[in-house]
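Asker: Structure of the sequence below:
(one chain, ligands or ions: 1)
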Amino acid sequence: MAGSLSDPQVADLLERETRRRDSTLQLLAGETPASPAVRAALTSDLGAKYAEGYPGARYHGGCSVADEVENLAIERAAALFGADYVNVQPLSGSIAGLSVYAAFAQPGDPILALGLRYGGHQTHGSRANFSGRWFAPIHYGVRRSDERIDYTELRDLALLHRPRIIVAGASSHSRSFDFALLRTIADEAEAILWVDAAHLAGLVAGGVVDSPLPHADVVTLSTHKVLQGPRGGMILARDEHRAVLQKAVHPFVQGGPSMNSIAAKAVCLRESGGEGFAQYAAATVTSAQRLGEALTAAGLRVVSGGTDLHLAVVDVSERGLTGIEAQRRLASAGIVVDRAVLPFDSRPVTEGSAIRFGTPCAVLAGLGPDAMGDVADWMTRALAVDVGATQHADIRHEIQLRLGG
Ligand SMILES: *Cc1c(COP(=O)(O)O)cnc(C)c1O
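Answerer: Residues are numbered from 1 along each chain as shown. The predicted structure is shown next:
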């Protein structure tokens, strides 16, 4: 496909990106290759369509097909997730989050969320992000003893600070949240319960983790993570919040929606309701659990002792490595992971003492639960401090053979 581009410089870069991706093992938690049907929708003529507003109430002419496409995406999301209200316009998960803040909080309001160091996200009150600058974040964390969310601390903080919004959701925490308990705490504190399901959405669609929907006021998600859709975001909510959320996304936060992306979201929502997707979601979680167990057996520590999800955080400090060094070593052996921090890490976020792995891409590339013993073996060999370029090249070659290239 890249070869048909008339711009040789970019065509070459795109070809190299495809080669890079196909010849290395993607153990990333937050990205997946979209299906051919999703990609086809992304390159369709709808990409050029200006459709500011909502179906039946647009600012531009010629929106009859755009209206049908958006309504279809909304219907499919409502059916798949069992939501009353759906907004498919958010351009990303973060922008969906910004809209939630806009709908429910005023500048300066307290918000309660998982701290970045415990696996939280920038948009949950980090100082470097609007959420930390424009609101007054209070952070809960995990217990030192078992590295699980400390709901006693969370409740105490909620009753003390009376946040406008309680945020449940994480980027690098491998355990499920107790949504029912969070609902009772939010009720006690009279707060909005926002579940940021950026990572979870695909697992919820696949039926392998509990849906936050019966408990949350509002749920946001990214469509390009485990869900395998186009890069984008989405909001699901109870009907009572329809009016504020509708206005928050447009015109408060966004202008025209990305209509080709909305068509691609519709395609992805159909695909992710199928049996094949449920099997992929289940294999993704089983693979993450097996990989965690195999790495533990090899003497590495997995944060909280394992995972309920598609990802886990692995301590590399006992191997004398920082997270960023471990990431570099694995990359040299053809294994792509993110660096991460431990819950009580003494190193800065930019370095970390851990890596985060995720299994969706591996499963899609044919390396599922049964391959995880080999994946752990490649990883532990690559991380050994006394090995160098030659051994890394050997591992890279073994991986390429397994990936069929
Ligand atoms: C990935 C992620 C987001 C949003 O990411 P986008 O890149 O903006 O789609 C939001 N919250 C959490 C917890 C995430 O992991």
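Asker: all contacts plus neighbour counts: C-alpha atoms, from now on.
Answerer: OK.
Asker: What pLDDT does the model give the residue most central in space within the chain?
Answerer: Centroid-nearest residue in the chain: His199, 3.0 Å away (criterion: CA atoms, centre = their mean). Listed pLDDT for His199 reads 96.
Asker: And the strands in the stretch 51-200 of the chain?
Answerer: Assigned strands in the stretch 51-200 of the chain, in chain order: 53-54, 57-58, 85-87, 110-114, 136-140, 165-168, 192-196 (criterion: DSSP state E, counting those that start in this stretch).
Asker: Quick one: closest of these to the ligand.
Answerer: Among the strands of the stretch 51-200 of the chain, the nearest to the ligand by CA to the nearest ligand atom is strand 192-196 (5.7 Å).
Asker: Quick one: list the elements packing against that closest one.
Answerer: When contacts are defined as 3 or more CA pairs under 8 Å, 6 or more residues apart in numbering; DSSP states H and E, strand 192-196 packs onto helix 93-104, strand 165-168, helix 179-189, strand 218-222.
Asker: Within range of the ligand, give me the residues from the stretch 201-350 of the chain.
Answerer: Neighbours of the ligand within the stretch 201-350 of the chain, by CA under 6 Å from any ligand atom: Ser222, Gly232, Gly233.
Asker: out of those residues, who has the most neighbours?
Answerer: Greatest neighbour count in those, by other CA atoms under 10 Å, goes to Ser222: 30 neighbours.
Asker: related to what we said a few turns ago, so which of the helices and strands packed on strand 192-196 is the most packed in?
Answerer: Highest mean neighbour count among those (mean count of other CA atoms under 10 Å): strand 218-222, with a mean of 28.
Asker: Pull the distance from it to the chain's centre.
Answerer: Relative to its chain's centre, strand 218-222 lies at 10 Å (CA atoms, centre = their mean, to the nearest Å).
Asker: Show me which helix runs longest in the protein.
Answerer: helix 275-297 (DSSP state H).
Asker: how much space between Leu42 and the ligand?
Answerer: Shown here: Leu42 relative to the ligand, a distance of 17 Å by CA to the nearest ligand atom, to the nearest Å.
Asker: quick one, what contacts that residue?
Answerer: Pro230, Asn260, Ser261, Ala263, Ala264 (CA atoms under 8 Å, 6 or more residues apart in numbering).
Asker: In JSON lines, list these along with neighbour count, secondary structure and pLDDT.
Answerer: Below are these laid out as JSON lines (neighbours: other CA atoms under 10 Å; DSSP: H, G, I helix; E, B strand; the rest coil; pLDDT from 0 to 100):
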{"residue": "Pro230", "neighbour count": "28", "secondary structure": "coil", "pLDDT": "98"}
{"residue": "Asn260", "neighbour count": "25", "secondary structure": "helix", "pLDDT": "98"}
{"residue": "Ser261", "neighbour count": "28", "secondary structure": "helix", "pLDDT": "98"}
{"residue": "Ala263", "neighbour count": "26", "secondary structure": "helix", "pLDDT": "98"}
{"residue": "Ala264", "neighbour count": "28", "secondary structure": "helix", "pLDDT": "98"}
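Asker: Need these in TSV (columns: distance to Arg148).
Answerer: Putting the contacts of Leu42 into TSV (distance: CA to CA, whole Å) gives the following:
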residue	distance to Arg148
Pro230	32
Asn260	40
Ser261	36
Ala263	38
Ala264	36
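Asker: what's the closest of those residues to the ligand?
Answerer: Pro230 (10.2 Å).
Asker: I figured that closest one hits His224, correct?
Answerer: Yes. Counting by CA atoms under 8 Å, His224 is a contact partner of Pro230 at 5.2 Å.
Asker: anything in contact with each of those two?
Answerer: Ala34.
Asker: Can you tell me the closest non-neighbouring residue to Gln289?
Answerer: In this structure, Gln289 finds its nearest non-sequential neighbour in Thr307, 5.8 Å apart by CA to CA, 6 or more residues apart in numbering.
Asker: how many other residues sit next to the one you found?
Answerer: Neighbours of Thr307 (other CA under 10 Å): 23.
Asker: So it, which state does it fall into?
Answerer: coil (DSSP: H, G, I helix; E, B strand; the rest coil).
Asker: if I look at it, how far off is Gly61?
Answerer: Using CA to CA, to the nearest Å, Thr307 is found at 50 Å from Gly61.
Asker: Quick check: Leu159 touching Asp187?
Answerer: No. Using CA under 8 Å, Leu159 makes no contact with Asp187, being 10.3 Å away.
Asker: Heading C-terminal from the longest helix of the chain, find the next helix or strand.
Answerer: strand 301-302 (DSSP states H and E).
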